[in-house]
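Colleague: how does the following fold in three dimensions:
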Amino acid sequence: MDVIYPVLSGALAQEKRLEVITNNLANINTNGFKKDIALFEGILGMEQETTTSRNLQLPQASVMFSNINQILTDFSPGPIRQTGEPLDLAIAGEGFLAVQTPAGIRYTRNGHLTLNAEREIVTQGGFQILGSGGPISLPTGTIMIDAEGRISVRESETVGGTPVEIDLLPIFRFANTDALTKVGATLFDAGGAEATPSTEGLIQQGALEGSNVNSVEEMVAMIAVTRRYEAAQKAMQTADEIAGKAANEVGRVA
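Modeller: Down below sits the predicted model:
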């Protein structure tokens, strides 16, 4: 029966939305994670054939199908918590850190950083964070990063040692964040969009930005999606039963 297909499209759309919600909840504790939002659209299907009843012409009926039109990323800020670790960096306001990956430059707000064997600042995945001239290599000593991203190291551990400025950690912004494509949990591909220096974003050393996922909102959405999916399943089962009865019982001579 043709009626099954619009219902099936709705069920598949709800299934995809459930995947998005599940992924959001799975990353509720991921630093710098930005939640995704599934956008729906109605697709007008082919018109059914015109039918008549008792010489009355009935209008053609269009079938509406459901589909996930787009999955957008919500770039609203997450909560900032203090950690006290010198290479934990939160961005207050807009902007991203630039990351060198084997696939090219990516951008992130996950500032949970560390040093590799060459004392380069890297992500937890081992990708280099880019400074004003490329990867940032630090000497041993006390690491200090100010709000504008200036990185200094006090090589002497004695009180009063003079910090030496090493590099600048730039923060980049995009005129349209919708151009960014999520790669993994916290990296973004600019896809050709121009990254420009941010004049509003500030670095907070010793802090991390958490996920912007609201667990209560996502759980409520998950319950609603589950109910719609179950309703669609029931509707398809009912339609199948009606079709079975029509094939086996309608027109049977008593």
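
Colleague: could you check how far the closest residue to residue 137 other than its chain neighbours is from residue 109?
Modeller: What sits nearest to residue 137 in space, not counting adjacent residues and going by Cβ to Cβ, 6 or more residues apart in numbering, is residue 120, at 5.1 Å. C-betas here are computed from N, CA, C, even on glycine. For residue 120, the distance to residue 109 equals 20 Å [Cβ to Cβ, to the nearest Å].

Colleague: swap in residue 35?
Modeller: Relative to residue 109, and taking Cβ to Cβ, residue 35 is found at 13 Å.

Colleague: more neighbours, those two?
Modeller: residue 109 (26 against 23; other Cβ atoms under 10 Å).

Colleague: just read off the phi/psi values of the nearest residue to that one once chain neighbours are set aside.
Modeller: Distances taken as Cβ to Cβ, 6+ apart place residue 32 nearest to residue 109, at 4.0 Å, with adjacent residues excluded. The phi/psi pair for residue 32 (degrees, to the nearest 10) reads phi 70, psi 10.

Colleague: contacting residues for residue 32?
Modeller: Listed by Cβ atoms under 8 Å, 6 or more residues apart in numbering, the contact partners of residue 32 are 78, 108-112, 186, 208-211.

Colleague: which two among those are spaced furthest apart?
Modeller: Largest separation among the contacts of residue 32 by Cβ to Cβ: 108 and 210, giving 14.0 Å.

Colleague: neighbour-wise, which of those two wins?
Modeller: Taking other Cβ under 10 Å, residue 108 and residue 210 do not tie; residue 108 has more neighbours (24 against 17).

Colleague: the more buried one and residue 124 touch, don't they?
Modeller: No. The criterion here is Cβ atoms under 8 Å, and residue 108 misses it with residue 124 at 10.5 Å.

Colleague: which neighbours do the two have in common?
Modeller: If you check residue 108 and residue 124 against Cβ under 8 Å, 6+ apart, no residue is contacted by both.

Colleague: quick one: the closest residue to residue 197 other than its chain neighbours and residue 117, what's the gap?
Modeller: Nearest non-adjacent residue to residue 197, counting by Cβ to Cβ, 6+ apart: residue 170, 5.8 Å away. In this view, residue 170 and residue 117 are 25 Å apart by Cβ to Cβ.

Colleague: for residue 198, same thing?
Modeller: 31 Å.

Colleague: go on, residue 230?
Modeller: 53 Å.

Colleague: more neighbours: which of these two?
Modeller: residue 230 (12 against 6).

Colleague: specify the local secondary structure of the more buried one.
Modeller: helix (DSSP: H, G, I helix; E, B strand; the rest coil).

Colleague: noted, bye for now.
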